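[1] here is the input, now give the coordinates:
(2 chains)
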2 protein chains.
Amino acid sequence: MDLDLSLAAPDLTARLVDIESVSGSEGPLADTIEAALRRLPHLAVHRDGNVVVARTALGRAQRVVLAGHIDTVPVAGNLPSRVQAGLLYGCGSCDMKAGVAVQLRLAALVAEPGRDVTYVFYDCEEIEAERNGLLRLSRGRPELLAGDFAVLMEPTGGVVEGGCQGTMRAEIRAWLGINAIHEAGRILDVLRAYQAREPDVDGLAYHEGLNAVGISGGVAGNVIPDECVVTVNFRFAPDRSAAGAEAHLREVFAGWEVAVTDAAGGARPGLADPAVASFVTAMGGAPRAKLGWTDVARFDALGVPAVNYGPGDPQLAHRADEHVKITAIAECEARMRAWLTA
Amino acid sequence: MDLDLSLAAPDLTARLVDIESVSGSEGPLADTIEAALRRLPHLAVHRDGNVVVARTALGRAQRVVLAGHIDTVPVAGNLPSRVQAGLLYGCGSCDMKAGVAVQLRLAALVAEPGRDVTYVFYDCEEIEAERNGLLRLSRGRPELLAGDFAVLMEPTGGVVEGGCQGTMRAEIRAWLGINAIHEAGRILDVLRAYQAREPDVDGLAYHEGLNAVGISGGVAGNVIPDECVVTVNFRFAPDRSAAGAEAHLREVFAGWEVAVTDAAGGARPGLADPAVASFVTAMGGAPRAKLGWTDVARFDALGVPAVNYGPGDPQLAHRADEHVKITAIAECEARMRAWLTA
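    Down below sits the predicted model:
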């Protein structure tokens, strides 16, 4: 499998989609990307597992990191790719091989960018966090992720999405009362009455959410249950830390046993940072808050301001009819290229 | 395994306990009981699967049915039986081999009862209703269960317990609302606010109960759930039919989908029946309502008035430390024997 980086970005996206790369099976695609990048003399290429990093080393005053994951959710009868009515369909087309295609085009075409550039292609984003390639790299070779600013090229519909919200899951346990399931009704009362904050953080409007995502209780059909567990997911704005989010949950559910099962802090949008501000200006349009959690939080943890920006509607990710507008890919490439060469 | 029916009832109970008979594995015990009964010339013995029926045929004006199940819940490290401080410990000692021992003693000792007697020993009471031996017999050979009055010798602490409550399980399904688990909070509100009736039926005070016995909802840790199911158990007094109980549940949970998964009607105590009244008088003490469901409902369905009466504390059933007071077994035998020979 040979990748021709002179192809237009939409055609390149189709080629990438046709190289199946479900999480955990990214080897062939990582090999193909690595081989294509190694043919570019202006880039130094590093391989770490199925992570491929390519860097310019022009001694510029600033360095920008452009990152994208190369894995997809499981194929759902949606391969090979196909084009219909200006839309490119296929597993991973939107999330996020269109963004990866733009990264590769920029890597090939912009030999002398105004800022040094680090291109990061990583594996295992769609599965449990511990296997995430960007996390592994940030622990093992953080120097490869160093930079003044990062763009995570996840689908954002071509709008800059600043920062991201944190996420935390916790189990709220009811075991008191005559019937623990009835008692859990009080936990649901709290959830139903909960007034979620909509804070402004660095000029962007976030929107928190506290939701039950699971409930289970009951022993047998003729036994009064002595335990009921409500699992909640708290998506919190980046003006709270993970520790602050946990303290808030414990306050909201005071009186019940609260066990946090996983947590990931968010990332502030950092729009005041000059590098971020210039990127937002170059891409045009009003930035908005990222309400979900993304890997920009990993850059935030490394002290690198980061935004989300890429082609494709994020609502279409992970769907069998996943697709991306062909013109959106080319438009993203054009804007990014203009910005990098400025 | 040979059963000596001349043993005192407590010793006989110990022998019965030591013949393991977990539901579905009653064969050896049924064989032993059948063999012992076939040695008694005044009884006609019938065998149907692991049900053993023995009947006098003296042409008396009335016939009483004494019934007991010979199976137990799974053994919990509580075999063989042992005696300590006047208590007989062991799997099934209380529920209900003590009652079965009394049945066998009466069968052996009362050759000429004042009423004809049918002794029923049946299997599979502790498991799903469809396998219940008494149910099978009532469908296949109802003539063997015919009588003017029945005593189910389940443990009642030596007090006559009249009738039984019905039981119904239903699934109440929430799928509307923004979050189906939050919506299910409204179902739990209904349960928490529910005022259970405590009706007087034929002079006995019943007490209904409506409880959640299970709840489940949730798709994944990051997905707002679209469905949540609360399983409720309704224990209803015998002045309601199963159909009436279902109508009541549908009224209580109007607006939600209600699916009844199983139901069994109760039994009225029938204390006005002369046969029942004379039994209550003979046993002494004030009768009380049976709040759980028992197989007396099967006799009720056959048109045979029935009560629960037997040695042992029903609260001790199904426990690893299950036991029965030795004097209670002998006392039950003495009263029943006096009543049968009167």
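
[2] can you show me the helices along the stretch 151-300 of chain A?
    Ranges of helices within the stretch 151-300 of chain A are A:180-193, A:242-252, A:274-283, A:296-301, based on DSSP state H, counting those that start in this stretch.

[3] which parts of the stretch 151-300 of chain A sit against chain B?
    By the rule Cβ under 8 Å from any Cβ of the partner chain, the part of the stretch 151-300 of chain A lying against chain B is A:167, A:169, A:179, A:181-182, A:184-185, A:188-189, A:191-192, A:211-225, A:228, A:230-231, A:233, A:262. (Each C-beta comes from the backbone N, C-alpha and C, glycine too.)

[4] need the helices of the stretch 151-300 of chain A in CSV (columns: mean neighbour count and mean pLDDT).
    Written out in CSV, the entries for the helices of the stretch 151-300 of chain A read as follows (neighbours: other Cβ atoms under 10 Å in any protein chain shown; pLDDT from 0 to 100):
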stretch, mean neighbour count, mean pLDDT
helix A:180-193, 22, 95
helix A:242-252, 16, 95
helix A:274-283, 17, 91
helix A:296-301, 23, 92
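
[5] looking at these, spot the one closest to residue B:174.
    Put simply, out of those the one that sits nearest residue B:174 is helix A:180-193, at 10.4 Å, with distance taken as Cβ to Cβ.

[6] which other residues reach the closest one?
    A:172, A:174-177, A:210-212, A:215, A:217-218, A:225-230, A:232, A:252-253, A:256, B:179, B:181-182, B:184-185, B:188-189, B:191-192, B:211-215, B:230 (Cβ atoms under 8 Å, 6 or more residues apart in numbering or on different chains).

[7] chain neighbours aside, what residue packs nearest to residue A:67?
    Nearest residue to residue A:67 in three dimensions, chain neighbours excluded: residue A:120, at 4.0 Å (Cβ to Cβ, 6 or more residues apart in numbering or on different chains).

[8] does that neighbour belong to a helix or a strand, and which?
    Following DSSP states H and E, the helix or strand that holds residue A:120 is strand A:116-122.

[9] parallel or antiparallel, which strands does that strand pair with?
    Here strand A:116-122 is paired, per DSSP bridges, with strand A:51-55 (antiparallel), strand A:63-69 (parallel).

[10] rewinding a little: going through the contacts of helix A:180-193, which ones are buried?
    Buried members of these, scored by 16 or more other Cβ atoms under 10 Å in any protein chain shown, are A:172, A:174, A:210-212, A:215, A:217-218, A:225-230, A:232, A:252-253, A:256, B:179, B:181-182, B:184-185, B:188-189, B:191-192, B:211-215, B:230.

[11] ok, back up a step: is the residue nearest to residue A:67 bridged to anything, and to what?
    Listed beta-bridge partners, residue A:120: residue A:53, residue A:67 (assigned using DSSP bridges).

[12] distance-wise, check it relative to residue A:52.
    Applying Cβ to Cβ, to the nearest Å, the value for residue A:120 to residue A:52 is 8 Å.

[13] quick one, what contacts the closest residue to residue A:133 other than its chain neighbours?
    Residue nearest to residue A:133 in three dimensions, not counting chain neighbours: residue A:122, with 3.5 Å by Cβ to Cβ, 6+ apart. Residue A:122 sits next to A:50, A:51, A:67, A:68, A:69, A:70, A:132, A:133, A:134, A:137 when contact means Cβ under 8 Å, 6+ apart.
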